[in-house]
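Participant: Dropping the sequence and predicted coords here.
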Amino acid sequence: MTNLLTNENPSGNGRTDPPLLEVRDLSVTFPQRGGPSVQAVRGISYQVHKGEFLGIVGESGSGKSVSSLALMGLLPSSATVTGSILFGGRSLLELNDRQLSGIRGQEISMIFQDPLSALTPVYTVGDQIAEALLLHDAALSKRAAAARAVELLKIVGIPAPERRARAFPHEFSGGMRQRAMIAMSIANDPLLIIADEPTTALDVTIQAQILEVLEKAKSLTGAAVVLITHDLGVVAGHADRIAVMYAGKLVENGTTHEVFADPHMPYTIGLLRSVPNMQTAGTQRLVPLEGRPPSLTVLPRGCPFAARCPIAVSACLDTEPVLLDHAPAAPGVPVAGLGEAAHVAACHRSAEIASGTLTRPDVFPRPEPLAVEHREKNADTEPVLKVTGLVRHFPLTKGGVFSRQIGTVRAVDGVSFSIQPGQTLGLVGESGCGKSTTILEILEMRKPQAGQILIDGQDVATLGRADLLRLRKDVQIVFQDPMAALDPRLPIGDIIAEPLTVHGVKPADRRARVAELLDLVGLDPAMADRYPHEFSGGQRQRVGIARALATNPRLVVLDEPVSALDVSIQAGVINLLEDLKEQLNLSYLFVAHDLAIVRQIADTVAVMYLGRIVEYGPVAEVFAHPRHPYTQALISAAPIPDPEIERNRKRVLLEGDLPSPTEQIDGCNFRSRCPLYTLLPPQKRSLCESFDPLLALHDTVQTACHHSEQNTLLTAAV
Amino acid sequence: MVLYIFKRFINYFFLSMIATCLAYVVSSLALDPAAKYYGRNPQPTQQTIDNILNGLGVNPDVPVLQRLWEWLVNIVAHGSLGNGVNGVSIVDQIISRAGVSLRLLLIGSLIGAIVGVTLGVWGAVRQYKLSDQVVTYGSYLIFATPTFVIGVLLMIGATVLNGAAGMQLITFTGEYSAGLTGSWWDLALDRGIHLLLPTIALALIGAAGYSRYQRSVMLDVLSADFIRTARAKGRSRNSALVRHGVRVALIPMSTFFAYSFGTLVSGSIMLEIVFSFHGMGEFALNAISQSDINAVAGTTLFVAILILFSSTLSEVLYAALDPRVRN
C-alpha cells in the first residue's frame, strides 16, 4: 500500500506529455563564516505541467522562496545548489548566467512580493515593461516595445495606460505596481510564471483584484503558475495542486482537493485547523499549532516537525520520513512518479491518518473554552469607551516659509462608536481608511478637533494632567510588529515593568507583578531576564500583551496584533486574547484587516471607509448579512481556506484603489468604487451623487447607504 | 523644477554671503595689518600708517561692522573687493590666479569622481575579495596622508622616473617652463605635463573619498529587490548591476559631490604651494602671512562662490538622476 517513490520513474503519471518543469532532489545550502551552513532547501522534488497552477505553502523560513529563486538562478553566488532542475528538457543548473538570462523573462518570469522595491525607482513603468520585451527581441523597435507596454498595462487593468506608462513607480499605488509587475511578467508569453507572495503586502480588496489579474494572465498566456504563499486561503481558490513545505522539505503534495479535504501530514492538518475560517469563525475556538520551526543550521535527527507534533512517536525522533503515497488505494498498484496522480506526505503515521484510524481532531484537538464564571453582561452599564462624532483633519500645506493650505486630509471624519465592558469592537477597513488615526486620537487623550471621547464616562477634554495619567492606566495598546515594539536593549522583565514604573509601583511589587503577568500570557516567569531577540514572534507578542496588561487596564487597543505573525502562531495568540478577555473582563478595540480574525474575536464590528464608519453592528449579523456594498466587497474579497466554498462563492469585486482622502467627493464618498451604484438607474444615482448617506438603523445594524434595501449584489452576482 | 533650482540657488547665495561676511569679520579681528609698518625702519609716521590703512579700508580704529558695510557697499557699487597690501586690486589678482586653480580643481575633481565611483562600484560587487581589500586599504592610506606629503611623494616618484629614463619626462615645478617658445601645441603640452602630478594628487584624494561612499551606497543597492527584478526580466548580472544598480546608486553621490568639492579646494591650497603654482591657494596663504584682510575676505568670497555653484550643480544633478524629487 505504501510505496517508496523513486525519482527515476516519470512514466505512467496519467499524462502523456513530459512535465514542463521537473525539480529533482533540489538542495540549497548557504555556507556561513565560522559556523554550520544553513540548509534552506533539503532535497525537494516536484513537477509542474503545462498550464498547471501549483501552490507552494509554508511558513517563513520554510525554503519556499529560496527554492524558486534557485530555479531562476537568482540566488546569491554564495549559495550551493545541488540536484537537478529540468525545464523544457534543459537542465537549468548547468547553464551559465548568460544562457539563463535568455530564459529568464522569456520562458520563466517572476513576480515578487513587495511591488514598491521590486521596480527600479528611476525608470518609468512603461520603460521597465518595454525593457523586458527589448531584452529578448533584438528586432523590436523601441517605439513598438513602448506601444506593446501600453497594451500590456491595459490588459492588466491600469486605467489610462498611455499616460500611466510614462509615470514612475512612486506615482503608482501598491496594487497598480503589482499589476505592472504582472504586465512585465507576461510580456514575452512565458511558459511558467513564478509568483512569490504577490499579494502579501496588499489589502484584501486589492489582493482579490491581483489574483483575478493573475488568473487572467494565466489564461491569456497559457502559462503554468507557481504561486508561493503562506496564506492557505489564497491557494484554495486558484491552485490545482498544493505542495506544503516545512523546514526545507516538501512534506505533502497533492491536488488542492486532496490536501484540503484529506491531509495526511500532521503539519498540514495543524495549519488547516489553525487558520480562522470566516465561515465558521467565532463559533469555535481556534486550534493552536504551538512551537516554532527548527533552526536550519542545526536540524534535529528525526522529523523536523516532531517537536511540534502532538502524535510524534519514537520513530519520529530517529529517522526523517520520506515522501510516500499513503492513499488507501488497491494494494499492489504501482505508484507513479512524483508526478500528477500521487498524493504524497512525509510522515511515519500518515498511513494511520489516511486510513482514518487517526482523525484530524485526534491529531490537533480543539482546545476547550476556558471555564470562567459567567458574568452578567448588562447592556445598561456605562461603556468603557464612547466616541461620538470624532474628527481629525490634517491640513495639507505647500511651500516652506510662507506655507499655505492647499487641502485637507480627512483622516477621521465623524466617527462614533462605543464599547461595553467585556466586549470587543472590531474596526476594519483598507489601509488609509483612518483606523490608525482613530485609535491614536483615542490614546492621545486630547480634546479632539470635533466630537467627544468618553473613557469610563469621563470626557478626556475636561481632564487635567493628574487625572489623565490615572486614566492612562485604564487604556493600553498592543502593537502590530512585536519586533519593533520591544526595545531590544531591555530584558523583557524591564519592558513589562515599565508602565508600572511610570505609575510609581515599588520595585519589589513590580517584580512580583512581572512574574504574575508572564504566567498569565503563558510564558515562563524565569524568562524575565532574557532579551527580546531570544524569543519567537509569537512569544514576543505575548510579551507585548503582558506589558499592556501591567497596569490592569479596562480597555486594550489591539492594533493588528497578529498580522505580523506566521499563520500557525496566530491561533495561539488569538486564543490567549480571548482567554484574557474572559479572565480579566477586558474590553478590546481590535483593529485588523483580516476579517476572519475579526469575526473570531469581536462582538461588534465597525467597517471604516475614508474616515467614516459605513456599517456598524453585531459581528454575526454583519458577516451573515452585510448590507453596505463596501462590507460585501470586503467580505467577499477575503479568501476562505476551503476550495469548495472558495470556488463557488458569489463575489462583489471593487474597482480600483482607495481614493485619496484629500479628494472632496460630493454625496456618498464610496460612489467612485461602488458596485451597486453602477447598477442603479439614473434617478436613483442622483441620490448618491448629492446626499451623503448617514448611518441608519436596519434591524440591529447601522448602515450608511441610500439603497441598502435594494442591494441585490450578493443575490444577483454569479 | 527650474523654480525649485532657482530657490535653492537663492538659498545657497545667502548662505555664501553670510559665510563671506563672517570671514571678513573674523579676519578683521584676527589680523593686524598695521603691525608690519611699525616694524619698518625708519618707522613711518602714525599719520602715514593711518592713511595707508584707511586707503585699504582696514583701519582697526573704525568699528568692524562699519568696515564690513563699506566693504559690501564697495562690492555692490563698484564690483571691487578693495586693494591688497601690495596696492593691486584684489579682483585683478583673483582673476589672474583663478584660472590656474580652477583648471587644477576641475580636472582633478572630475577624474577623482570618475575613478572613485568606478572603484566603489567594483569594490561593492567584489565585496571582501582581494581587489576590494586593496582599494579599501589604499583609500584609508590616502585619507591618513597629509596632502603635501602626497605631493612630495609624487615628486620623489617623478624624479626617480626621470632618473631612470635619463631625461626630463615629467616636470613639476610651476605651471609651465619659463622661457619656452614654440607652437601653441608645444605650450599646451608643456602645461599639461606640469599639471600632471598635482592633478594626480588631487584625483587620489577625491577618489579615496568617492570610492568609500560609492561602495557603501552600492552595497545597499546590490541587495535591492529591483536588481532581482531586472535579472528576472532577463538582464545578465553585470548588465543589471550597471543599468539598474549604478544608476540608482549615483543619486546620493550628487550631494556628496558638492561637499567633497569644498574639501578639495582646501586640499589644493597645499598642493599649489608644493608644486609652486601661482594659484588661489598661494594667494590665500600669502594673504594670511601678510595680514591682508581684503585678500583673505576676497579668497573666502571666491571659495564661497565655487561652493555655491557646485551645490546648485548637485541639486540639478540630483533632480536629473532621481525622478522622485522632481516637481
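Facilitator: Everything's here; your move. Residues are numbered from 1 along each chain as shown, chains lettered A, B, ... in the order given.
Participant: shaky segments in the chain?
Facilitator: All of this is about chain A. Residues of chain A that meet the criterion pLDDT under 70 lie in A:1-16, A:327-341, A:370-380, A:399-403, A:714-718.
Participant: meant chain B, my bad for not saying
Facilitator: For chain B, the ranges with pLDDT under 70 are B:327.
Participant: what does it put close to chain A?
Facilitator: Proximity of chain B to chain A, by C-beta under 8 Å from any C-beta of the partner chain, involves residues B:224-226, B:228-237, B:244, B:247-248, B:251, B:321-324. (Glycine included, C-beta is placed from N, CA and C.)
Participant: Tell me the secondary structure at the residue of the stretch 201-327 of chain B found nearest chain A.
Facilitator: In the stretch 201-327 of chain B, the residue found nearest to chain A is B:Gly234; the distance is 3.4 Å by C-beta to the nearest C-beta. Look at B:Gly234: counting by DSSP: H, G, I helix; E, B strand; the rest coil, its state is coil.
Participant: My read is that it contacts A:His136, right?
Facilitator: Yes - the pair B:Gly234 / A:His136 is scored as a contact, 5.7 Å apart, by C-beta atoms under 8 Å.
Participant: ok, the two, which is more surrounded?
Facilitator: Neighbour count, other C-beta atoms under 10 Å in any protein chain shown: between B:Gly234 and A:His136, B:Gly234 has more, with 26 against 18.
Participant: Quick one: buried ones out of the residues of chain B next to chain A?
Facilitator: Buried by 16 or more other C-beta atoms under 10 Å in any protein chain shown: B:224-226, B:228-237, B:244, B:247-248, B:251, B:321-323, out of those.
Participant: Now, those residues that are in helices?
Facilitator: B:225-226, B:228-232, B:237, B:247-248, B:251, B:321 (DSSP state H).
Participant: Taking these, tell me the two that lie furthest apart.
Facilitator: Maximum pairwise distance in those, criterion C-beta to C-beta, is 24.2 Å, between B:Ala232 and B:Leu321.
Participant: All the helices of the stretch 201-327 of chain B, residue numbers only.
Facilitator: Using DSSP state H, counting those that start in this stretch, the helices found in the stretch 201-327 of chain B span residues B:225-232, B:237-240, B:247-249, B:251-274, B:280-289, B:293-321.
Participant: Tell me which of the ones you listed sits nearest to A:Arg685.
Facilitator: helix B:225-232 (42.3 Å).
Participant: so what does that closest one touch, helix or strand wise?
Facilitator: strand A:108-111, helix B:237-240 (3 or more C-beta pairs under 8 Å, 6 or more residues apart in numbering or on different chains; DSSP states H and E).
Participant: Need the nearest residue in space to A:Ala208, chain neighbours excluded.
Facilitator: A:Ala637 (3.8 Å; C-beta to C-beta, 6 or more residues apart in numbering or on different chains).
Participant: that older thread, need the contact list for the residue lying closest to the residue of the stretch 201-327 of chain B closest to chain A once chain neighbours are set aside.
Facilitator: Leaving out its chain neighbours, the residue that sits closest to B:Gly234 by C-beta to C-beta, 6+ apart is A:Gly105, at 3.4 Å. Residues near A:Gly105 by C-beta atoms under 8 Å, 6 or more residues apart in numbering or on different chains: A:132, A:135-136, A:187-188, A:190, B:232-234.
Participant: what sits against A:Val234?
Facilitator: A:55, A:199, A:207, A:211, A:227, A:639.
Participant: and it, helix, strand or coil?
Facilitator: For A:Val234, the secondary structure call by three-state DSSP comes out as helix.
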